[in-house]
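S.K.: Got a sequence here, can you build the structure:
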Amino acid sequence: MKNILFVFLVLGSFSIQAQGCSDAGFCSVGNTFTDELNTTKNQLDFGGIIGGGEASIFYISPYVTYTRNFSESFSMSAKVTYSQANGDFGTRGQFGDAFLTSNYTFKEKNDKTWSTLLGFKFPFTTSNAKINDISLPLDYQASLGTFDLIAGVGLKYKKWFFNTAVQIPVFNNNKNSYFDEYSASNDFNSTNLFERKPDVLFRTTYIINTTKKFTFKPNLLFIYHLGEDSYENIFGNRTTIENSDGLTLNGNLITSYAISQNRSIELSLATPFAVRDERPDGLTRSFTAGIIYKYAF
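M.R.: Residues are numbered from 1 along each chain as shown. The predicted model follows:
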């Protein structure tokens, strides 16, 4: 166990440019499958993520999640995100997205438990926040401005969890107006009226219970971007951003500590193993670290 911790901590210390996630909150979708339904009816999660992005941008992203367990099989969750970015352009913070998801877990059979997930993402912004009337790249935006459908399937087998999900932009309300040609910075892609392709997620997790208090969840997260994104150039023509499709592979270690029967704290540390060549969506991270306080009642 000490060797596993050492590997993840060392890898996490390197400043490797990587996609932090396919979208704000989407990477945590796979985790919803791995949480056993609590015997209580309600659960509140108060979480936060810090991370470093391109051009020395630093992110603070708090969120809150409320989960209602209607039965031993069915639950629904509502999540609200906020993100603040600080970099050479200045500091800009906004509410990002709201997620509404439902989860149905089937009865265990032959050590196997299947579950399904269906959800929607609703943006609070049109992804065109500015500082001093200066258009900002997507790296400074709290949301991509899309209404998305999220659907997934999970399988629990003994101490293994396998989850797959897809995130599909259904309606695009992105009104970003950033042009690299008119910017003093060359660190970001032009993303005027940005349009983004869907993502597919696959996560494999192994649960290690060392004591009654501590649980470790090393996992690998694969995100495949299904096409090349595009923007509208200065001539009003739709332009494809080459090499913005492809695979991102992240390694993640989650450590959970049970304070009491109904309260716990989770810490997470993630590092990339493979990245897409171009990531115009502004989700590039050199590191991510998170903390969640969970209270069931």
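S.K.: Show the residue spans covered by the helices in the protein.
M.R.: 2-13, 29-34 (DSSP state H).
S.K.: Least reliable of these by average pLDDT, please.
M.R.: With a mean of 38, helix 2-13 has the lowest mean pLDDT of the helices of the chain.
S.K.: Double-check Ile150 against Gly119; I have them as touching.
M.R.: Yes. Between Ile150 and Gly119 there is a contact under Cβ atoms under 8 Å: 4.1 Å. In this view, the C-beta of every residue, glycine as well, is placed from N, C-alpha and C.
S.K.: Low-confidence regions, the stretch 1-150 of the chain specifically.
M.R.: Residues of the stretch 1-150 of the chain meeting the criterion pLDDT under 70: 1-39.
S.K.: all strands for the stretch 101-250 of the chain, in order.
M.R.: Ranges of strands in the stretch 101-250 of the chain, per DSSP state E, counting those that start in this stretch, are 112-123, 130-131, 134-135, 146-157, 160-172, 199-206, 208-209, 214-225, 230-232, 238-240, 246-258.
S.K.: mind putting those strands in JSON lines, mean neighbour count and distance to Ser73 included?
M.R.: Converted to JSON lines, the strands of the stretch 101-250 of the chain look like this (neighbours: other Cβ atoms under 10 Å; distance: least, Cβ to Cβ, whole Å):
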{"stretch": "strand 112-123", "mean neighbour count": "18", "distance to Ser73": "9"}
{"stretch": "strand 130-131", "mean neighbour count": "13", "distance to Ser73": "46"}
{"stretch": "strand 134-135", "mean neighbour count": "15", "distance to Ser73": "47"}
{"stretch": "strand 146-157", "mean neighbour count": "19", "distance to Ser73": "13"}
{"stretch": "strand 160-172", "mean neighbour count": "18", "distance to Ser73": "17"}
{"stretch": "strand 199-206", "mean neighbour count": "19", "distance to Ser73": "21"}
{"stretch": "strand 208-209", "mean neighbour count": "12", "distance to Ser73": "24"}
{"stretch": "strand 214-225", "mean neighbour count": "18", "distance to Ser73": "23"}
{"stretch": "strand 230-232", "mean neighbour count": "20", "distance to Ser73": "41"}
{"stretch": "strand 238-240", "mean neighbour count": "12", "distance to Ser73": "44"}
{"stretch": "strand 246-258", "mean neighbour count": "18", "distance to Ser73": "23"}
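S.K.: quick one: which of those is nearest Asn192?
M.R.: Asn192 lies closest, by Cβ to Cβ, to one member of the strands of the stretch 101-250 of the chain: strand 230-232, at 5.1 Å.
S.K.: Next up, phi/psi of Phe194, please.
M.R.: Backbone torsions for Phe194, taken as degrees, to the nearest 10, come to phi -60, psi 140.
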